[in-house]
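S.K.: Pasting the sequence and the predicted coordinates here, then a few questions.
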Amino acid sequence: MAAPSAFPTPLVMRLLAASVSVSYKAGNIIRDILKTGDLGIIEKGKNDLQTEADRAAQRCIVATLHKQFPKVAIFGEESLDPTEKIPDDYIVKDLDPGVLSHPCPEGYKDVTDDQVVIWVDPLDGTAEFTQGLLDHVTVLIGVAVNGEARGGVIYQPYYNYEAGPDADLGRCIWGLVGLGSFGFIPGTPPADKNLITTTRSHSDWIITEAVNSCEPTDIIRVGGAGHKVLLLLEGKVHAYVFASKGCKKWDTCAPEAVLHAIGGRLTDILGNPILYHANVQRQNAGGVLATLQKHQWYVDKIPQEIKDNFVSDKPSEEMLEKKRLLASMKFQSGDAGSSVDPPEFSQGDYSKASKCSDKTKL
Ligand SMILES: Nc1ncnc2c1ncn2[C@@H]1O[C@H](COP(=O)(O)O)[C@@H](OP(=O)(O)O)[C@H]1O
Ligand SMILES: [Mg+2]
Ligand SMILES: [Mg+2]
Ligand SMILES: [Mg+2]
C-alpha cells in the first residue's frame with residue numbers, strides 16, 4: 001500500500017474529482033430512465049417541467065456529494081423529500097483520477113468547507129429532453145468559492161447520439177479557473193459573423209429585443225444553459241444573450257466556471273458578476289450574458305430601457321467586509337496603485353447592485 005501523502009489533496013480538487021465521477025453516474029441514470037419510456041413528468045410551474053430523470057439524477061448527485069463532503073452547502077434545483085431512501089448504488093465513491101492528476105492552483109490550497117457552495121442542476125434542458133432534443137441536455141455541478149463560480153462540471157449524456165444506436169454516448173467537460181478546462185476541443189467562431197444563441201422554449205419579446213440589439217447575423221435557439229455555453233466553448237457562437245430572470249444559480253455556476261477557465265466571461269446583462277454565496281437570491285435576476293470575447297461590446301449594445309428591468313446580485317456581508325479590509329490596507333500602505341481588488345470584485349461595479357430578495361424556494 002502506498003504511504004499516505006504528506007500533502008493531502010485540497011478540498012476543491014477532491015470536490016471536482018467527485019463531481020466528475022458522479023456526473024457519469026447521473027448520465028447513466030438519465031439514459032436508463034429515458035429507455036423505460038415513462039418520464040413521470042410533473043409541471044412545477046408555467047413552462048417549467050420536472051421528470052423522473054431530473055429527480056433521480058439529483059438524488060444521486062446530492063447524496064454522493066453530501067456523503068463525501070458533509071460540511072459543504074449543496075443546493076439542487078429540485079425540491080425533493082429529504083427522507084426518501086436513496087438506492088445504495090446511487091452513492092458514488094470514486095474520485096476521478098484525471099482531475100486528481102492536475103496540480104491544485106495555489107489560490108485554492110487552503111479553501112475550507114465553509115467557503116464552498118455547490119450548485120446542482122441534475123438535468124438542464126428538461127423541456128428539450130421531453131421533446132426528444134437529447135443533445136441539449138446536460139448535468140451541471142458548479143463549485144463556488146467565496147461566492148464566485150470557480151469549478152464546474154458539464155456532463156452531456158447524449159453527446160454523439162446522432163451517430164446511431166451503437167454509438168458511445170456522453171462526454172464530460174470540466175474546468176477550474178486558474179487551471180483550465182478539459183474534455184472538448186476549443187473553437188473560434190467565424191470572424192465575418194455574429195452568431196447569438198438564446199432560449200428556444202422560454203422566449204418573450206424582451207429576450208428577442210435584447211438579442212436583436214446585439215446585431216446578430218444568425219440566432220441559434222437551443223435548450224439548456226449548459227448546452228448554450230458548450231456552443232461558446234466550441235466556437236459555434238459568439239454570445240449567449242438571455243434578458244430574462246428565468247435562469248437560476250444552478251443553471252449558470254458550472255458553465256460560468258468552465259467558460260471563465262478558458263478566458264471567457266458570464267455575467268448578468270448589466271455586465272455585473274453573478275454571485276453564488278449560500279444566501280444569494282436563487283434567480284439570476286440580472287439575466288445572463290456569456291461571451292468568449294468582446295464582452296463589454298455586448299453589454300453596451302443592450303439598451304438601457306431593457307437593462308432597467310434587471311437587477312444585479314448583492315454581495316454577501318463577508319464579501320463587503322473583505323472589500324472594506326482591502327480598502328483600509330490600501331489606505332494604510334499609502335500606495336494607492338499597488339493593491340488589486342479581491343477576485344469577487346474584479347468583474348464589475350457593485351455600487352448599482354440591488355437588494356437581495358430570495359423568493360425562490362429550493
Ligand atoms: N421562464 C423560465 N421559467 C422557468 N425556468 C426557466 C425560465 N427561463 C429559463 N429557465 C431555466 O433555465 C434553463 C435554461 O433555459 P433555456 O433552455 O430556456 O435557455 C432551464 O433549466 P432546466 O431545464 O434545468 O429547468 C430552464 O428551465
Ligand atoms: Mg437548468
Ligand atoms: Mg434542471
Ligand atoms: Mg428545471
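M.R.: Sure thing, it's come through. Ligands and ions are numbered 1, 2, ... in the order given.
S.K.: State the distance from residue 291 to ligand 1.
M.R.: Relative to ligand 1, residue 291 is positioned 16 Å away (CB to the nearest ligand atom, to the nearest Å). Just so you know, the C-beta spots here come from the backbone N, C-alpha and C atoms, and that holds for glycine as well.
S.K.: I'd like to check which residues are in contact with that residue.
M.R.: When contacts are counted by CB atoms under 8 Å, 6 or more residues apart in numbering, residue 291 touches 232, 238-240, 264-265, 298.
S.K.: need those residues in a markdown table with distance to residue 150, can you?
M.R.: Shown next, in a markdown table, are these (distance: CB to CB, whole Å):
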| residue | distance to residue 150 |
| --- | --- |
| 232 | 18 |
| 238 | 25 |
| 239 | 23 |
| 240 | 20 |
| 264 | 14 |
| 265 | 14 |
| 298 | 23 |
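S.K.: For the stretch 251-362 of the chain, which segments count as strands?
M.R.: Taking DSSP state E, counting those that start in this stretch as the criterion, the stretch 251-362 of the chain carries its strands at 265-267, 288-291.
S.K.: Please identify the most buried of those strands.
M.R.: Comparing those by mean neighbour count (mean count of other CB atoms under 10 Å), strand 288-291 ranks first with a mean of 26.
S.K.: at contact distance from ligand 2, anything in it?
M.R.: No: on the criterion CB under 5 Å from the ion, strand 288-291 is out of touch with ligand 2, staying 11.3 Å away.
S.K.: Partner strands of that strand and their direction?
M.R.: strand 239-242 (antiparallel), strand 265-267 (antiparallel) (DSSP bridges).
S.K.: Show the contacting residues for residue 209.
M.R.: 243, 303, 306.
S.K.: what does the stretch 251-362 of the chain have sitting close to ligand 2?
M.R.: So far as CB under 5 Å from the ion goes, the stretch 251-362 of the chain lies against ligand 2 at residue 251.
S.K.: which stretches of the stretch 251-362 of the chain aren't confidently modelled?
M.R.: Scanning the stretch 251-362 of the chain for pLDDT under 70 picks out 330-362.
S.K.: hmm, 50 instead?
M.R.: Scanning the stretch 251-362 of the chain for pLDDT under 50 picks out 334-362.
S.K.: Which residue does it have closest to ligand 3?
M.R.: Minimum separation of the stretch 251-362 of the chain from ligand 3 (CB to the ion) falls at residue 251, amounting to 7.2 Å.
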